[in-house]
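1. Fold the following, please.
(2 chains)
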Amino acid sequence: QQQVKQSPQSLIVQKGGISIINCAYENTAFDYFPWYQQFPGKGPALLIAIRPDVSEKKEGRFTISFNKSAKQFSLHIMDSQPGDSATYFCAATDGNNAGNMLTFGGGTRLMVKP
Amino acid sequence: DTEVTQTPKHLVMGMTNKKSLKCEQHMGHRAMYWYKQKAKKPPELMFVYSYEKLSINESVPSRFSPECPNSSLLNLHLHALQPEDSALYLCASSQSIGSTDTQYFGPGTRLTVL
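-> Below is the predicted model of the structure:
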């Protein structure tokens, strides 16, 4: 059972454009929502994260928008650059579970064209 | 230093071989993880160690045997693997197993089982 659904699976954006990736979750016990960026041949790296008591968080060109009532959150990449081309995973953790278990979305492969 | 190192980078083994994957971190983290990642898929949690004790085993077959010799090292012993076990094996660590504790991933070991 996929508890975090991510869309789209792939995304092509022109340089300077806005990349938008959406995620939806079912488990209302989730209390932390990180986004990971993964380049080919590398492990995932934390990009930005948000807690459900905040509706938006911005770090540089990256913004998370969070809608608790709709159980949805999204990543916006402003002024997208070719160097942003990577796979992005949304994730969620449940403070009630025993091991900081990340529930990942299916991933979005982003390609930013020069 | 937020680096998790993994060796080897690549490993090819036969179904009758015994091999080990190694992971090391020097961030003082007390939680360490093993993940398996297939191509174009998100990482799947295999094991969680907290304070050098196994706290989560996600129903992983016994041909995978984890070991945590000390707080900085994590091993994954492999024996009698199947071709479908070919994947990228990722190690991660975090300060503890709190839901907001960032997991830092290593670059992974690319495993091929012939």
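2. how about the helix-or-strand element of chain B with minimal mean pLDDT against chain A, any contact?
-> Lowest by mean pLDDT, DSSP states H and E among the helices and strands of chain B is strand B:53-57, with a mean of 88. Yes - contact of strand B:53-57 with chain A (Cβ under 8 Å from any Cβ of the partner chain) involves B:S55, B:I56. Placement of C-beta: from N, CA and C, glycine included.
3. just checking, what packs against that strand?
-> Counting contacts by 3 or more Cβ pairs under 8 Å, 6 or more residues apart in numbering or on different chains; DSSP states H and E, strand B:53-57 is packed against strand B:44-50, strand B:64-70.
4. Pick the most buried one from these.
-> For the helices and strands packed on strand B:53-57, the largest average neighbour count (mean count of other Cβ atoms under 10 Å in any protein chain shown) is found in strand B:44-50, namely a mean of 21.
5. can you give me the strands for the chain?
-> This is for chain A. A:4-7, A:10-14, A:19-25, A:30-38, A:45-50, A:56-59, A:62-67, A:72-77, A:86-94, A:103-104, A:108-113 (DSSP state E).
6. looking at chain B here, not the other one
-> Using DSSP E, strands in chain B cover B:4-7, B:10-13, B:18-25, B:31-37, B:44-50, B:53-57, B:64-70, B:73-79, B:87-94, B:104-105, B:109-113.
7. need these in TSV with distance to A:G43, can you?
-> Below are those laid out as TSV (distance: least, Cβ to Cβ, whole Å):
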stretch	distance to A:G43
strand B:4-7	7
strand B:10-13	15
strand B:18-25	11
strand B:31-37	9
strand B:44-50	14
strand B:53-57	19
strand B:64-70	18
strand B:73-79	14
strand B:87-94	5
strand B:104-105	3
strand B:109-113	10
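8. Quick one, which of those gets closest to A:R109.
-> strand B:31-37 (14.0 Å; Cβ to Cβ).
9. Tally up the residues packed near the closest residue to A:P8 other than its chain neighbours, please.
-> The shortest distance from A:P8 to any non-neighbouring residue, by Cβ to Cβ, 6 or more residues apart in numbering or on different chains, is to A:T108 (6.1 Å). Residues near A:T108, counting by other Cβ atoms under 10 Å in any protein chain shown, number 22.
10. how close does A:T108 sit to chain B?
-> Separation of A:T108 from chain B (Cβ to the nearest Cβ, to the nearest Å) stands at 11 Å.
11. Near chain A, which residues of chain B? Just list them.
-> So chain B meets chain A at B:4, B:31, B:40-43, B:45, B:48, B:50, B:55-56, B:90, B:92, B:94, B:96-108 (Cβ under 8 Å from any Cβ).
12. The residue positioned nearest the centre of chain A: what's it in contact with?
-> Central residue of chain A (Cα atoms, centre = their mean): A:C90, 3.4 Å from the mean position. Listed by Cβ atoms under 8 Å, 6 or more residues apart in numbering or on different chains, the contact set of A:C90 reads A:V4, A:Q6, A:I21, A:C23, A:F33, A:P34, A:W35, A:F73, A:L75, A:F104, A:G105.
13. go on, A:Q38?
-> A:P44, A:A45, A:A86, A:T87, A:Y88, A:F89 are the contacts of A:Q38 under Cβ under 8 Å, 6+ apart.
14. Could you check the pLDDT of it?
-> You'll see A:Q38 listed with a pLDDT of 97.
15. just A:Q1 next, same as before
-> pLDDT at A:Q1 comes out at 50.
16. A:G106 now?
-> 96.
17. just the one 5 residues further on next, same as before
-> With respect to pLDDT, A:M111 scores 98.
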